[in-house]
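A.B. asks: task: produce atomic coordinates for the following.
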Amino acid sequence: ETGVFSSGEEAGDGGEETEVFDVGDEGEKSSDSDDRDGEDEEGSEYMEADAGEDDEEEGGEEENAASEDGSKDTEVPPNFYRSRTGEKKRPALSLFKNFPTNFASSHDFHEVFPAFQVKTYQHFSKRTSTSVTVHNNQIKRAALRLKRQGKKQRKKEQFLPEDWGQYSKTLVCTHGQPYHSRGKGRRKHEKVRGTECSARVNARVKATLDDSWVLRVTVSGSHNHDLNEHVWDEYSGNRTVKDAVLQQDVEVLRKAGATAKGILQYLRERTGKKTKLKDVHNMIQRQRVKTQAGLNDAQRVLAVLDEFCR
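C.D. replies: Next up, the predicted model:
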């Protein structure tokens, strides 16, 4: 079979030029082209799939970049210390069940409270205090302010005796004092003094029904840290030696040429405290500064040379 297709007219002889194609050849050519088209389509499917994977990877990278940018915008300083949010809190009031609430004088309170701290392994330090003079002046200023405003006082002015010295004092747990980290996060510390402990003790002078004065103690907050003998011995205030006689002995031993380890053993035997070698070095350094405080430059040089020659 043959197929006749018109290819156009020629201007020369005015006839029609015809092209004759074999139908079988045309079928083979068309089948070959179809096969090539099929291969191209299959290849295009793989290319589209690969392109889809690339798009997903690019999209994931863009999301990660966006998340990183968002985290940089709301950057929070990292916490390099142990988190105590999940630890059980121990109410401070439960540890003061057998502790008196009223004292006849502040001297009586300060005699009993240190021993109570040792017994319960609680370490409190002064946070704020108000003297009796300041409190009485506040009462006077409040009375004058009401008088200027033409108002009457609800209660009669009641000034505190000056013999008390201090009107109120707030003692905060040593783990609740303001703590500012000076590290850069290179090492993770498990033992940190600042844990934002809320336990506190307030001692305030109050009037009784029989017009006498007592020191009333109130407790609030709770401990969010361990309370045991090991932690108590690690406090620097409990490790250092404050006895003047022992400090004098340390100075004599140092001048005699004793080593820091020898002085440390002597102090541990005499006091029973868990003093560290660093505490001994600090004592020696303070004694050197105190000794050289009244010397001139030449005398200080001689003192340093004397230390090296021993």
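A.B. asks: from here on, just use CA atoms for contacts and neighbour counts.
C.D. replies: OK.
A.B. asks: what's in contact with the helix or strand hosting residue 269?
C.D. replies: According to DSSP states H and E, residue 269 maps onto helix 260-271. Residues outside helix 260-271 that contact it (C-alpha atoms under 8 Å, 6 or more residues apart in numbering): 241, 246, 250, 253, 273-277, 280-281.
A.B. asks: next SSE after it?
C.D. replies: Moving toward the C-terminus from helix 260-271, the next helix or strand (DSSP H and E) is helix 277-291.
A.B. asks: in that next one, what's buried?
C.D. replies: By neighbour count, with 16 or more other C-alpha atoms under 10 Å as the criterion, the buried positions of helix 277-291 are 279-280, 283-284, 287.
A.B. asks: stretch 193-205 too?
C.D. replies: Of the residues in stretch 193-205, those scored as buried under the neighbour-count criterion (16+ other C-alpha under 10 Å) are 194-205.
A.B. asks: from what I can see residue 101 touches residue 217, true?
C.D. replies: Yes. Under the criterion of C-alpha atoms under 8 Å, residue 101 makes contact with residue 217 at 4.9 Å.
A.B. asks: those two: which has the busier surroundings?
C.D. replies: Using other C-alpha atoms under 10 Å as the criterion, residue 101 and residue 217 rank with residue 217 on top: 20 against 15.
A.B. asks: in three-state terms, how would the closest residue to the more buried one other than its chain neighbours be classified?
C.D. replies: For residue 217, ignoring the flanking residues on the chain, the nearest one in space by C-alpha to C-alpha, 6 or more residues apart in numbering is residue 203 at 4.5 Å. Applying DSSP: H, G, I helix; E, B strand; the rest coil to residue 203 yields a three-state assignment of strand.
A.B. asks: quick one: low-confidence parts of the stretch 51-200 of the chain?
C.D. replies: Applying pLDDT under 70 to the stretch 51-200 of the chain picks out residues 51-88, 188-192.
A.B. asks: let's see that with 50 instead.
C.D. replies: With pLDDT under 50 as the threshold, the stretch 51-200 of the chain has low-confidence stretches at 51-59, 62-73, 76, 78-86.
A.B. asks: which parts of it are helices?
C.D. replies: 106-120, 132-148 (DSSP state H, counting those that start in this stretch).
A.B. asks: now distance to residue 259 too, for those, in JSON lines please.
C.D. replies: Converted to JSON lines, the helices of the stretch 51-200 of the chain look like this (distance: least, C-alpha to C-alpha, whole Å):
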{"stretch": "helix 106-120", "distance to residue 259": "31"}
{"stretch": "helix 132-148", "distance to residue 259": "49"}
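A.B. asks: and those: which comes nearest residue 184?
C.D. replies: Of all these, helix 106-120 sits nearest to residue 184, with 33.8 Å by C-alpha to C-alpha.
A.B. asks: return the set of buried residues in that closest one.
C.D. replies: By neighbour count with 16+ other C-alpha under 10 Å, helix 106-120 contains the buried residues 106, 109, 116.
A.B. asks: who's in contact with the second one?
C.D. replies: Spelled out, it's residue 109. residue 103.
A.B. asks: go on, the first one?
C.D. replies: Under the criterion of C-alpha under 8 Å, 6+ apart, the contact partners of residue 106 comprise 164, 215.
A.B. asks: tell me the domain ranges of this protein?
C.D. replies: Residue ranges for the structural domains of the chain, counted by automatic domain parsing, are given in the record as 2-60, 91-180+190-234, 240-309.
A.B. asks: and for stretch 173-193, what's in contact with it?
C.D. replies: Stretch 173-193 is touched from outside by 80-82, 122-125, 127, 194-200, with contacts defined as C-alpha under 8 Å, 6+ apart.
A.B. asks: for residue 228, see how far away residue 264 is.
C.D. replies: 24 Å (C-alpha to C-alpha, to the nearest Å).
A.B. asks: who has more neighbours, the two?
C.D. replies: residue 264 (19 against 12).
A.B. asks: any idea how far the more buried one is from residue 274?
C.D. replies: Plainly put, residue 264 is 10 Å away from residue 274 if you go by C-alpha to C-alpha.
A.B. asks: among the contacts of helix 260-271, the buried ones, what's the PyMOL command?
C.D. replies: Buried residues within those, as defined by 16+ other C-alpha under 10 Å, are selected in PyMOL through the command that follows:
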select buried, resi 241+250+253+274+275+276+280
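A.B. asks: great, nothing more from me.
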